[in-house]
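Student: sequence first, then the predicted structure, then my questions.
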Amino acid sequence: MALAHASSGTAHAEVRVEGRIDSLKVEVRDATVHEALAALSAAFGLVVHSSAALDQPVSGSYQGSLQQVVARLLDGRDHVAIHTAGKLEIRIYGPDNGGKSQPLARRPVAAVAAPAPDSTPIVDKGRLMFAPR
């Protein structure tokens, strides 16, 4: 079971991560999307590349798989999830604006390698799944 706790320089920001990659609970209080993704990166080796600012405040409880939690945190943003060899990589392009991405200054969240239990690459853009044949 993974357990992570992240606090930022913000007075009361808090992110708690409990559970496994396929079933986790994330409690976020007065933190930013960046802080929440950084806690998930520390706990599960999530790799995030972003061309958008991730400084929007978030608070709430998120449950599900790592992919589901990340999708909820990034609701309204153009992003792609790439699954390769048990690693989840997220590429964030900007706020959703009718399908057109507006590249912004790069601000990577984290780059940490994860263990590789599966070798079948799957790409998830929003809710669409693409798997090579």
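Tutor: Sure, I can see it.
Student: and D55, how many residues sit next to it?
Tutor: 10 (other Cβ atoms under 10 Å). Placement of C-beta: from N, CA and C, glycine included.
Student: give me the secondary structure label for it.
Tutor: With DSSP: H, G, I helix; E, B strand; the rest coil as the basis, D55 sits in coil.
Student: isn't it up against A31?
Tutor: No. Between D55 and A31 there is no contact under Cβ atoms under 8 Å: 10.3 Å.
Student: disregarding residues adjacent in the polypeptide, which is nearest to R16?
Tutor: Spatially, and ignoring its direct neighbours in sequence, R16 is nearest to E27 (4.3 Å; Cβ to Cβ, 6 or more residues apart in numbering).
Student: what's opposite the one you found in the beta bridge?
Tutor: Following DSSP bridges, E27 is listed with bridge partners R16, S61.
Student: quick one: it and G86, what's the gap?
Tutor: 25 Å (Cβ to Cβ, to the nearest Å).
Student: without its sequence neighbours, what residue ends up closest to Q68?
Tutor: Closest residue in space to Q68, ignoring its immediate chain neighbours: Y62 at 8.0 Å, by Cβ to Cβ, 6+ apart.
Student: A43 versus that neighbour, what's the distance?
Tutor: For Y62, the distance to A43 equals 13 Å [Cβ to Cβ].
Student: quick one, which of those two is more surrounded?
Tutor: The neighbour comparison of Y62 against A43 (other Cβ under 10 Å) goes to A43, with 24 against 19.
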